[in-house]
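Asks: I would like to see how this sequence folds:
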Amino acid sequence: MSEMRFRNMSQQDPRAESLARTAASDSLAPVRTWLFSVAALIFAMVMIGGATRLTESGLSITQWQPITGVIPPLNQQDWVAEFDRYKQIPQYAAFNTDMTLDGFKTIFFWEWTHRLVARLIGLAFIVPGLWFWRRGRLKGALGRQVLVATGLLALEPIVGWWMVSSGLAVRTEVAQDRLAAHLLIAAATFGALVYAGVGLAVKPRESSSLGFVAAAGGLVALIFCQLGLGALMAGLRGGYIDNTWPLMDGALIPKGVFSLTPWARSIVDDITTSQFDHRLGAYAVFVAAIAMAVMARRRAPGSSLARRSGALALLAVLQVGLGIATLVLVMPIEMALAHQAVALLLFGMAVAHWRVTAMERRTGRARAFPRRAGPAVVLPFERRAP
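Replies: Reported below is the predicted structural model:
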């Protein structure tokens, strides 16, 4: 030990530390690409699911066949058999008795495409995920985040079939609460992947406060709840009533809102209440996004925090505008899909903002309270000449 000497970590070559960080980041670049790619596929699946719902196609496939269902009917006999199965459910008897085989093929392919993309997402997630796990790339916090996404992704097809089955016996459409659960699990999976991917993609250079972290997390929660309220409204076809704004049925608070007993049932089962709740949720998201942007601009002008908050506020304004237009124009499919797309984009951006703000908070704490590094041992052949 007498031939050893010590030096402080802060006196080491900063270039070596930078190179080490770059190498670590490069090793996780494929993981980052994988996470964002699967998130993009989920975004596409939600859009196809929205189109499936709006075109009343979701009950066209009356069986759940995870493996063989990937192959659509290949001949006239198979198509007739599939159509005959659809004729046995209440939706056909109530609304589609005049449907032709060609018309059935149209709604079938919407639902089949939705399920096909879901299967592709499973493959795109599982195969690379197993490879990264075997290579030791999914460790620590990243491993836990991927595990959460794995659980949600595994749950999604089960809830999807639970949703479809609700419309095959008595109802003429799927249950709105199950529809909301199906959408929220997809959104949560999308958010979990974005959260994990952003953690690998961004290297914070600024610091943030705990208050902004809490505000960003609160906005994520608000948008998530609003997605659920929107799904309930869609399941109840709430966009086809009270097509005026800002009033509903000539009033700010329409008659009959929360009229079921117990009152909490109205949130899920009452069409007027569902639209009213969705409007209130939109106002809450709008106010929260604007307030956060104003505060960020006042307290941290010119910062990345202010820019992110401003972008979120602008997107929230766009979303509210699309929602109002969709309602007033009585649910044109293209506009309704745009409204759904911007909603999920807003949620993803809010999750990314929350993640980066939390990372900036940790960076700020690290700078304010640096660790006291112990002396480094230097071997004799590493000693510099005096």
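
Asks: Now do the strands in the chain.
Replies: 5-7, 376-378 (DSSP state E).

Asks: as a whole number, average confidence for the last one?
Replies: When pLDDT is averaged over strand 376-378, the result is 42.

Asks: Same question for stretch 203-215.
Replies: On average, stretch 203-215 scores 89.

Asks: Could you report the pLDDT at Thr100?
Replies: What the model reports as pLDDT for Thr100 is 96.

Asks: residues near it, how many?
Replies: Neighbour count of Thr100, defined by other CB atoms under 10 Å: 10. Any C-beta I mention is one placed from the backbone N, CA and C, and that applies to glycine too.

Asks: Using PDB, write out every CA atom in stretch 94-109.
Replies: Written as PDB, here are the backbone C-alpha positions of stretch 94-109 (Å, rounded to 0.1, in the frame of the first residue of the first chain):
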ATOM      1  CA  ALA A  94     -81.600  -5.300 -35.100                       C
ATOM      2  CA  PHE A  95     -79.700  -3.300 -37.800                       C
ATOM      3  CA  ASN A  96     -78.200  -5.300 -40.600                       C
ATOM      4  CA  THR A  97     -80.900  -7.700 -42.000                       C
ATOM      5  CA  ASP A  98     -80.400  -6.100 -45.400                       C
ATOM      6  CA  MET A  99     -76.600  -6.500 -45.400                       C
ATOM      7  CA  THR A 100     -75.100  -8.300 -48.400                       C
ATOM      8  CA  LEU A 101     -72.100 -10.600 -48.300                       C
ATOM      9  CA  ASP A 102     -69.900  -7.800 -49.800                       C
ATOM     10  CA  GLY A 103     -71.100  -5.400 -47.100                       C
ATOM     11  CA  PHE A 104     -70.200  -8.100 -44.500                       C
ATOM     12  CA  LYS A 105     -66.700  -8.400 -46.000                       C
ATOM     13  CA  THR A 106     -66.100  -4.700 -45.400                       C
ATOM     14  CA  ILE A 107     -66.900  -4.800 -41.700                       C
ATOM     15  CA  PHE A 108     -65.100  -8.100 -41.300                       C
ATOM     16  CA  PHE A 109     -61.800  -6.700 -42.700                       C
END
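
Asks: any idea how far His353 lies from Val202?
Replies: 11 Å (CB to CB, to the nearest Å).

Asks: and if you look at Gly323?
Replies: 30 Å.

Asks: ditto for Ile121
Replies: In terms of CB to CB, Ile121 sits 24 Å off from Val202.

Asks: Could I get the contacting residues of the closest residue to Gln340 other than its chain neighbours?
Replies: Excluding its sequence neighbours, the residue lying closest to Gln340 (CB to CB, 6 or more residues apart in numbering) is Gly50, at 4.6 Å. Gly50 is in contact with Ala336, Leu337, Gln340, counting by CB atoms under 8 Å, 6 or more residues apart in numbering.

Asks: Please report the distance of Gly50 from Gly140.
Replies: Where Gly140 is concerned, Gly50 sits at a distance of 36 Å (CB to CB).

Asks: When Ile121 and Val202 are compared, which one has more neighbours?
Replies: Comparing Ile121 with Val202 by other CB under 10 Å, the one with more neighbours is Ile121, at 23 against 14.

Asks: residues in contact with that one?
Replies: Here Ile121 is in contact with Val38, Leu41, Ile42, Met45, Leu153 (criterion: CB under 8 Å, 6+ apart).

Asks: Next: Ser37.
Replies: Per CB under 8 Å, 6+ apart, neighbours of Ser37: Ala124.

Asks: Need the pLDDT of it.
Replies: 98.

Asks: Quick check: Leu227 touching Leu183?
Replies: Yes - under the criterion of CB atoms under 8 Å, Leu227 makes contact with Leu183 at 6.3 Å.

Asks: who's more crowded, the two?
Replies: Per other CB under 10 Å, whichever of Leu227 and Leu183 has more neighbours is Leu183, with 26 against 23.

Asks: Please verify my assumption that that one contacts Val46.
Replies: Yes - applying CB under 8 Å, one finds Leu183 in contact with Val46, separated by 7.1 Å.

Asks: Give me the neighbour count for His353.
Replies: Neighbours of His353 under the rule other CB under 10 Å: 26.

Asks: Going forward, the N-terminal residue is numbered 24.
Replies: Sure thing, new numbering starts at 24, so read that last one as His376.

Asks: gap between it and Leu338?
Replies: 11 Å.

Asks: swap in Tyr115?
Replies: From Tyr115 across to Leu338, the span is 40 Å (CB to CB).

Asks: again, but for Ala209
Replies: From Ala209 to Leu338 the distance is 20 Å (CB to CB).

Asks: The two: who's more crowded?
Replies: Ala209 (24 against 17).

Asks: list the contacts for the more buried one?
Replies: Going by CB under 8 Å, 6+ apart, Ala209 touches Ile65, Met68, Val69, Gly72, Glu179.

Asks: Highest neighbour count among these?
Replies: Ile65 (29 neighbours).

Asks: need the contact list for that one.
Replies: Ile65 is in contact with Ile144, Ala209, Thr212, Phe213, Leu216, counting by CB under 8 Å, 6+ apart.

Asks: Mind putting the residues you listed into TSV with distance to Val169 and pLDDT?
Replies: Formatted as TSV, those follow (distance: CB to CB, whole Å; pLDDT from 0 to 100):
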residue	distance to Val169	pLDDT
Ile144	14	97
Ala209	17	98
Thr212	11	98
Phe213	14	98
Leu216	9	98
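
Asks: Using JSON lines, lay out these together with distance to Ile90.
Replies: Conversion of the contacts of Ile65 to JSON lines gives the following (distance: CB to CB, whole Å):
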{"residue": "Ile144", "distance to Ile90": "16"}
{"residue": "Ala209", "distance to Ile90": "22"}
{"residue": "Thr212", "distance to Ile90": "22"}
{"residue": "Phe213", "distance to Ile90": "25"}
{"residue": "Leu216", "distance to Ile90": "25"}
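
Asks: from memory Pro277 sits against Thr267, does it?
Replies: No - between Pro277 and Thr267 there is no contact under CB under 8 Å: 10.4 Å.

Asks: Which one's more surrounded, those two?
Replies: Pro277 (16 against 11).
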